[in-house]
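Novice: no sequence for this one, just the structure:
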């Protein structure tokens, strides 16, 4: 029988799980400033977003809902709307699409460019900045986006899936 291959795993993501884990969110955010909450319309409708915000007093929240599998152009449009503001952190509350969108926006909001996803993913200009602090609160199981350094972005115009990656995309 062959000897098993040796492998290693380094994952800098701090995982908190169990009853009351969402109440610990405030410990992982800056004390003051503007925080972007990326989530789905259903999460807002069910009151989950508001319940999360109430656990973190002292920061100013902006809620941005996204659609499943958001398109590159949709995310660039959201970036254009949000970019003039200063953000201290990005929080994702949702499944894989929400987490990938939050990772992408955390990166894009650091860019001085007006349509950074267009530049990075269509034009191949890869001057990726370090993203703002990112906290992910998964509500589904399956994609693993909450523990990886990657984000998937759909490009509807080109009918293809694109990826962003880098150590800075590991959630805190």
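Specialist: All right, it came through fine. Here the structure is a predicted model, which is why all the values come from computation and not from measurement.

Novice: Need the residue closest to the centroid of the chain.
Specialist: In the chain, the residue lying closest to the centroid (Cα atoms, centre = their mean) is residue 102, at 2.3 Å.

Novice: what's the helix or strand where that one lies packed up against?
Specialist: Here residue 102 sits within helix 96-108, counting by DSSP states H and E. Helix 96-108 is packed against strand 33-39, helix 72-82, strand 89-94, helix 116-117, strand 134-138, strand 150-155, strand 160-165, with contacts defined by 3 or more Cβ pairs under 8 Å, 6 or more residues apart in numbering; DSSP states H and E. Backbone N, C-alpha and C define where each C-beta goes, glycine included.

Novice: quick one: which of those is nearest residue 9?
Specialist: strand 150-155 (15.2 Å; Cβ to Cβ).

Novice: and the closest one, which residues are buried?
Specialist: Using 16 or more other Cβ atoms under 10 Å as the test for burial, strand 150-155 gives 151-155.

Novice: Next, the angle from that strand to strand 160-165.
Specialist: 150 degrees (axes from the mean of the first three to the mean of the last three Cα atoms, to 10 degrees).
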